[in-house]
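Enquirer: no sequence on this one, just coordinates:
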Ligand SMILES: Nc1nc2c(ncn2[C@@H]2O[C@H](COP(=O)(O)OP(=O)(O)O)[C@@H](O)[C@H]2O)c(=O)[nH]1
Ligand SMILES: [Mg+2]
């Protein structure tokens, strides 16, 4: 089965090379980077890896168009090319390639979606987050999962994988959210369609270089989106 690891980037030159190399060391797969107008050399690093390995592909967009549409572009690219498994992964080295085989084990057990959770069994597997960021993430998770009735510990996690059938089944054209709400919306739609979803424990390492794209607008979008999903509007 062909596996595609999708990585959205916006100025991640400090980490993207290492992220991609770790992915390729841990999994027999292709990598698709969806870059939104990076100006720090991210694209050159990706192109060099592409030439060297033949397993790395690049989609370049002209402006910062959001995480959600970056993933949608990656999914459509992969659906057109016969991939069977789609991973989502950050480009800032918060998500580590060493966990990839664990996701595959769960898929082989028969799950359709596997989410890498920072909060399984009451744990907080996050390295180097300040208290404010942790509180925001925990609160967002509790708020959204209660409202949507989702029985998972980390519904905003961006380290996950889907079988092809899930992406074909959830109607990608209907996805409305673009920031981190995208992760919640994808999981909610997959759950409602009855796909089998598992969580596995991962460790999330806060970025060491570059800068976060989290913003008030992204948080606001997520808070509203949860209600739109629940009310079906
Ligand atoms: N292509 C693209 N990538 C994005 C965008 N927003 C965030 N990302 C990438 O998504 C990943 C997660 O974003 P990040 O800023 O690290 O979020 P945080 O970890 O929640 O602070 C990183 O690889 C970012 O470069 C965007 O608008 N477009
Ligand atoms: Mg990050």
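Expert: Nice, thanks for sending it over. None of these values were measured; they are calculated from a predicted model. Numbers count the residues shown, from 1 in each chain. Ligands and ions are numbered 1, 2, ... in the order given.
Enquirer: Write out the residues of the protein neighbouring ligand 1.
Expert: 8-10, 12, 34-36, 64-67, 70, 90-92, 94, 207, 212-214 (CB under 6 Å from any ligand atom). Glycine gets a C-beta too; all of them are placed from N, C-alpha and C.
Enquirer: Output those of the residues you listed also counted as contacts of ligand 2.
Expert: 92, 94, 207 (CB under 5 Å from the ion).
Enquirer: quick one: secondary structure of the last one?
Expert: If I follow you right, that is residue 207. The three-state assignment at residue 207 reads coil, by DSSP: H, G, I helix; E, B strand; the rest coil.
Enquirer: so how many other residues sit close to it?
Expert: For residue 207, the neighbour count with other CB atoms under 10 Å is 16.
Enquirer: Next up, the contacts around it.
Expert: Taking CB atoms under 8 Å, 6 or more residues apart in numbering as the criterion, residue 207 is in contact with 15, 92, 93, 94.
Enquirer: Over to the closest residue in space to the third one that isn't next to it in sequence: give its phi and psi.
Expert: Ranked by CB to CB, 6 or more residues apart in numbering and with sequence neighbours excluded, the top spatial neighbour of residue 93 is residue 15, at 4.1 Å. The phi and psi torsions at residue 15 (degrees, to the nearest 10) take the values phi -130, psi -20.
Enquirer: wait, residue 15 sits on residue 205?
Expert: No: the criterion here is CB atoms under 8 Å, and residue 15 misses it with residue 205 at 10.3 Å.
Enquirer: count of neighbours near the residue lying closest to residue 148 once chain neighbours are set aside?
Expert: Nearest in space to residue 148, with sequence neighbours left out and distances taken as CB to CB, 6+ apart, is residue 188 at 5.4 Å. Per other CB under 10 Å, the neighbour tally for residue 188 reads 23.
Enquirer: Helix or strand for residue 188, just tell me which one.
Expert: Under the criterion of DSSP states H and E, residue 188 resides in helix 181-192.
Enquirer: in that helix, what counts as buried?
Expert: Applying a neighbour-count criterion of 16 or more other CB atoms under 10 Å, one finds 181, 182, 183, 184, 185, 186, 187, 188, 189, 190, 191 buried in helix 181-192.
Enquirer: And the next helix or strand past that helix?
Expert: The helix or strand immediately downstream of helix 181-192 is strand 197-201, counting by DSSP H and E.
Enquirer: pLDDT on that following strand, on average?
Expert: Per-residue pLDDT over strand 197-201 has a mean of 98.
Enquirer: Much appreciated, bye for now.
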